[in-house]
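Q: Got a predicted model here, sequence first, then my questions.
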Amino acid sequence: MYVYICLIVLPYIFLSPDYRDLKMNSSLNNDSDQDIYGDIEEPCGMEQMFERFGQFLQIYVHSVICIVGFIGNTLVIVTYAFYKRTKSMTDVYLLNMAIADILFVVALPMIIFSEQNGWALGNWSCKLLRGIYSINLYSGILLLACISLDRYLAIVQARRSFRFRSQALVYSYVSCAVVWLLALALALPTFIFYQRYGGMEESFRFSNYYDDNVSAAALLEEEYVCFFRFEENDTARQMKVLVPSSQVAVGFCLPLLIMAFCYSSVLVTLLRAKNFQRHKAVRVVLTVVLVFITCHLPYNATLLYDIVHMFHLKDCAEEERTQLVLVLTESLAYLHCCLNPLLYAFVGVKFRNHFRKILQDAWCLGKKYMGARHMSRPTSDAYLSSRRSEGSASFCHFVS
Amino acid sequence: ETMAQIAVPLLLVLLVGFFCQDAAAFRCCRRYSKREVSFTHIRGYAIQTIKRNCNIDAVIFYTSSGRCVCADPSQAWVIRILKCI
């Protein structure tokens, strides 16, 4: 919680008016030709300070998110792969979600790395990484909606869904396939229109230009980006709006509506029931919905603001602020993929039991390995440790 | 063991990213300059369109002092200068 607050407060320190004025004044004083160009506008990107902040975020916050997300989701996959044989509808969704999250968490550092190296790996790495990123973004969120639907069917429509129990697994496979295909379809524009390119559309310099100060112009021509590139003005105008809007609509609003409907029905049913475990269930449902909203609402709201103001003329400072808020809220959204294993898998008692079994087996294997090493030196110490391990032999039997 | 096999390269990638901090932010014209630039100061130009990473169409003039000036491509003086070049 405190981390969130810090993340939200920090940029405001940089954005405070005093700091801005200070910076502007210093840059004006440095200008020798200020009187020639009174109110000129120069191309602008992120200011040094903001760029630093973005880098700090990418390196520290994102790497922590990636590592935690990787470990959490790997544990989920390992548990399902080795220890959970009877798979229910929910298990299929959770496994698919873990796969989507893990791909996302692997693609993210690769994207950050490529971005910092000007996409040196080429056009295909740009298309592929960005495409995979967007497929997994969509599939991860759509699977959350599937899980809410599954819980709705299991709890609210319990009687009706009981008849379909035998086919439930087939339904879950079909809906997962639909989710992945939909995610692929939504990521298609990214695959098609993303490209690695550098410099401006068309540029020309007088030959004696190189004798002069080249820094500003050189900056514009030597930077490589991985972004949309279109042939037509109209396609550009449409796709630049359509792609992020579909992200807000299908990647946030649709799942939010499904979750709101399903979980509110579930809550009503749970509150009516007289089950001693209902308080825990209510808490879990509320946490799941609240975490989804806290993680994704700020990013999607900022994205929507950005879409609405996309083709307007903007102040550099204003644009910078929007970009910074976008980067910040985006990392909050990324955080969701490392919370998913906790919120969905580890919250279940059955899953935790399977996971405990894994830990025990791993511990036993380690013990066996260490034991084999100790055998070579028959000291009283080794004797003691072997005596101690006898107690744990009860659950270590099948390893040997 | 498999965990370590995947986690170590991942960590390496992150570390390499840490030492190669050469971020490429999108540099674009976001507004147009209000004042005209005289032809004698111009040393070159570039064209920015919405077909790429920027969201407004603009002409960027490189000046003799090494600066870039964003100009509105629909304005008469900009078209005149482009024709001259």
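A: Good, I have the coordinates.
Q: what's the helix or strand for residue A:367?
A: Under the criterion of DSSP states H and E, residue A:367 resides in helix A:349-374.
Q: who touches residue B:45 in this structure?
A: For residue B:45, the contacting residues are A:203, A:204, B:59, B:60, B:61, B:62, B:81, B:82, B:85, by Cβ atoms under 8 Å, 6 or more residues apart in numbering or on different chains. No exception for glycine: its C-beta is placed from N, CA and C like everyone else's.
Q: sec struct for the first one, please.
A: What that stands for is residue A:203. strand (DSSP: H, G, I helix; E, B strand; the rest coil).
Q: Would you agree it is in contact with residue B:59?
A: No: checked against Cβ atoms under 8 Å, the pair residue A:203 and residue B:59 is beyond contact range at 10.3 Å.
Q: Same drill for these two, tell me which one is more crowded.
A: For residue A:203 versus residue B:59, the count of surrounding residues by other Cβ atoms under 10 Å in any protein chain shown is larger for residue B:59: 23 against 16.
Q: Let me see the contact set for the more buried one.
A: Residue B:59 makes contact with B:45, B:46, B:47, B:48, B:70, B:71, B:72, B:73, B:78, B:82 under the criterion Cβ under 8 Å, 6+ apart.
Q: make it 10 Å
A: Residues near residue B:59 by Cβ atoms under 10 Å, 6 or more residues apart in numbering or on different chains: A:200, A:202, B:29, B:32, B:45-48, B:69-75, B:78-79, B:81-82.
Q: Among these, which are located in helices?
A: The helices, defined by DSSP state H, take in B:78, B:79, B:81, B:82 from those.
Q: From residue A:43, how far off is the third one?
A: It stands for residue B:81. Look at residue B:81 and residue A:43: by Cβ to Cβ, to the nearest Å, they are 18 Å apart.
Q: who's more crowded, the two?
A: Using other Cβ under 10 Å as the criterion, residue B:81 and residue A:43 rank with residue A:43 on top: 22 against 19.
Q: And the pLDDT for residue 75?
A: Just so you know, I chose chain A. You'll see residue A:75 listed with a pLDDT of 91.
Q: not quite, I wanted chain B
A: For residue B:75, the pLDDT comes out at 92.
Q: where does the residue nearest the centre of chain A land in three-state SS?
A: With distances taken as Cα atoms, centre = their mean, chain A has residue A:334 as the residue nearest its mean C-alpha position (3.0 Å). The assignment at residue A:334 comes out as helix when based on three-state DSSP.
Q: Surely residue A:325 touches residue A:298?
A: Yes: applying Cβ atoms under 10 Å, one finds residue A:325 in contact with residue A:298, separated by 8.2 Å.
Q: Indicate the residue of chain B located nearest to chain A.
A: Nearest residue of chain B to chain A: residue B:66, at 2.8 Å (Cβ to the nearest Cβ).
Q: quick revisit: now, of the contacts of residue B:59, which are buried?
A: A:200, B:29, B:32, B:45, B:46, B:48, B:69, B:70, B:71, B:72, B:78, B:81 (16 or more other Cβ atoms under 10 Å in any protein chain shown).
Q: Report the beta-bridge partners for the fourth one.
A: Going back to what we said before, that points to residue B:45. residue A:204, residue B:61 (DSSP bridges).
Q: Show me what secondary structure element comes after the worst-scoring helix or strand of chain A on mean pLDDT.
A: Lowest on mean pLDDT, DSSP states H and E among the helices and strands of chain A sits helix A:17-30, with a mean of 38. Later in the chain than helix A:17-30, the nearest helix or strand by DSSP H and E is helix A:48-56.
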